[in-house]
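Engineer: sequence and predicted structure below; questions after.
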Amino acid sequence: MELPASQASSHFSLEPITAFVLADREVKRRDAAVGLGLCKTGCPELDNYVLLGGLERGSVVGLSAEDEEIGVQLGLQTLAHGLCREGSLANGLVITPKPAAAILGGLRGAVRAELRETGAADGEALAKTRECLDRVMLSCVFDLDGLWEVLADLDRPSEEDEDRDEGEAGKSGQETVEEKEVQVDEIADSQDEDDEPLSPDVGPQQPSPPQRERRRQPKLPDLIIITHFSSLLTSLFTHREKSAAHSALQLLGAHIRHLARNLPSSPMILLLNSTSSSSTATPAQSAALSSKKQQPLDPTLRSIFNPPPPPGYAPHAGAASSRRNKPSFGLVFSQLLHVHLLLTQLPRSIADAETAAAAFRHQADAPAARAVWVVEVLLDDMGVWEGRKGARRDREQRWTAVDVDRGRVKGAFVKTEKVAEETRLAGGFGGRRV
């Protein structure tokens with residue numbers, strides 16, 4: 001006895017899918033993404049300890065940097081590292097609201113620094129730099145609408161799919177065309193020989209050039225970087241109402257996740273954001289702000305170096321400055337992401353911290369305190385995939401200190417072994433030569 005269709009299926013064409021099927025699909029998708037290789041920044045301390053191997057393809061990653069320039073530098077270094085290492089990344093796409101010259105200069109410098117790190121010769125490095133730059137597409141947009149257009153081009157069907165559809169449609173009409181040709185031949189043969197034919201004889205069919213030259217479909221990128229994302233969000237919330245802006249951002253987030261998961265290249269999408277800072281407030285302003293009731297910061301937006309005050313205790317006078325590391329647009333930005341990284345500047349040592357605190361307290365000229373950049377994981381919704389279901393290792397609150405050296409982001413406290421120079425001794429037994 002055949003069961004009647006459910007009420008849901010009578011209204012909707014899609015049948016419900018069990019959670020087991022969805023989980024099995026997710027396992028296959030993540031296995032395939034890991035098989036493509038992880039995206040690494042080229043900084044071993046960051047890749048191995050903080051990211052536990054690297055960032056997974058098919059994910060959306062956000063990087064909120066206190067200085068947007070070093071955030072862009074780290075993003076371009078990730079792209080350059082993948083392009084220069086054989087088999088890691090084949091193609092890349094950079095989308096930016098800034099002038100193209102600024103991004104191209106930074107990308108060229110990142111590629112050269114990466115090749116210098118690998119020990120490439122000057123002639124080889126020049127040719128390799130050109131090759132890597134040819135594999136990167138650059139799109140300049142002015143607002144979120146322009147970003148939508150660029151992302152929509154990635155989701156269009158390829159020429160192979162169009163040719164396949166046209167081929168299937170052509171097969172159905174091929175027989176009809178052949179029948180028409182036969183009928184025309186019969187009519188021509190039935191004419192009197194003295195009469196001129198209505199049309200000239202058709203000779204052997206020659207291959208005709210295509211009526212229109214199709215634009216070659218660019219290869220899909222393996223890494224998509226959207227720089228200065230906070231500028232796009234600022235423009236969005238400035239020119240649209242709040243509710244409309246939030247709706248547009250939710251649609252954009254869903255589309256970005258769709259591209260990361262469903263494009264054949266399984267790209268990692270990196271959104272470069274900024275941070276909001278209140279460190280420039282004076283002590284009087286800090287005391288005034290601390291007296292007001294402030295909304296608690298979400299744990300996924302707070303740096304581990306700026307903990308909230310203990311329960312039952314009033315915030316101290318520098319509480320306003322201690323919250324300077326909040327990512328711009330807060331939860332509005334983090335809802336788009338699978339992994340969220342924070343890049344902030346902190347004193348290099350205890351002495352540097354005391355110097356910076358004294359300068360802030362007295363608002364006087366003081367010796368400049370040395371600083372390092374700290375990368376920490378604020379949010380990790382995916383975890384580290386190890387090829388099995390169940391609990392996964394989490395990267396949240398893992399951090400490391402980095403610095404910029406010769407155009408590359410490296411570990412700030414990497415120990416370098418000093419090679420002892422050969423000392424020539426008198427008579428081979430030590431002592432000065434006399």
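Structural biologist: Nice, thanks for sending it over. Numbering: from 1, shown residues only.
Engineer: give the bridge partners for Asp380, please.
Structural biologist: Beta-bridge partners recorded for Asp380 (DSSP bridges): Val339.
Engineer: show me what contacts it?
Structural biologist: For Asp380, the contact set (Cβ atoms under 8 Å, 6 or more residues apart in numbering) comprises 338-340, 394-396. In short, each C-beta sits where N, CA and C put it, glycine included.
Engineer: who wins on neighbours among those?
Structural biologist: Neighbour counts for those (other Cβ atoms under 10 Å) peak at His340, which has 25 neighbours.
Engineer: correct me, but that one touches Leu379?
Structural biologist: Yes. Between His340 and Leu379 there is a contact under Cβ atoms under 8 Å: 3.8 Å.
Engineer: quick one: common contacting residues for the two?
Structural biologist: Joint contacts of His340 and Leu379 (Cβ under 8 Å, 6+ apart) are 300, 334.
Engineer: mind picking the lowest-pLDDT entry from the contacts of Asp380?
Structural biologist: Within the contacts of Asp380, Asp394 has the lowest pLDDT, namely 88.
Engineer: residue contacts, that one?
Structural biologist: 380, 383-384.
Engineer: okay, these in a markdown table with pLDDT and distance to Gly53 next?
Structural biologist: Output for those, formatted as a markdown table (pLDDT from 0 to 100; distance: Cβ to Cβ, whole Å):
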| residue | pLDDT | distance to Gly53 |
| --- | --- | --- |
| Asp380 | 94 | 13 |
| Gly383 | 87 | 12 |
| Val384 | 90 | 7 |
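Engineer: helices of this structure, residue ranges please.
Structural biologist: 7-11, 19-35, 44, 68-84, 100-118, 122-134, 144-154, 159-189, 229-239, 242-262, 283-291, 319-322, 330-334, 350-362 (DSSP state H).
Engineer: so Leu51 touches Arg395, yeah?
Structural biologist: Yes. Taking contacts as Cβ under 8 Å, Leu51 lies within contact range of Arg395: 6.4 Å.
Engineer: intersection of neighbour lists for these two?
Structural biologist: Applying Cβ under 8 Å, 6+ apart, one finds that Leu51 and Arg395 are jointly contacted by Val377.
Engineer: which stretches of the stretch 151-300 of the chain have low pLDDT?
Structural biologist: Applying pLDDT under 70 to the stretch 151-300 of the chain flags residues 158-218, 278-295.
Engineer: quickly note the distance from Gly53 to Leu251.
Structural biologist: The spacing between Gly53 and Leu251, counted by Cβ to Cβ, to the nearest Å, is 32 Å.
Engineer: neighbour count for the two, which is higher?
Structural biologist: Gly53 (16 against 12).
Engineer: can you tell me the closest non-neighbouring residue to the more buried one?
Structural biologist: Leu38 (5.6 Å; Cβ to Cβ, 6 or more residues apart in numbering).
Engineer: now Gly253
Structural biologist: Closest residue to Gly253 apart from its sequence neighbours, by Cβ to Cβ, 6+ apart: Leu336 at 4.2 Å.
Engineer: run through the residues that contact the one you found.
Structural biologist: 60, 62, 249, 252-253, 256-257, 271.
Engineer: how about 10 Å then?
Structural biologist: 60, 62, 229, 249-250, 252-254, 256-257, 269, 271, 273, 329 (Cβ atoms under 10 Å, 6 or more residues apart in numbering).
Engineer: returning to what we had before: any idea which of the contacts of Asp394 is the one closest to Cys84?
Structural biologist: Distance to Cys84 across these (Cβ to Cβ) is lowest for Val384, with 24.9 Å.
Engineer: correct me if wrong: the closest one contacts Glu396.
Structural biologist: No. Using Cβ atoms under 10 Å, Val384 is not in contact with Glu396; the gap is 11.4 Å.
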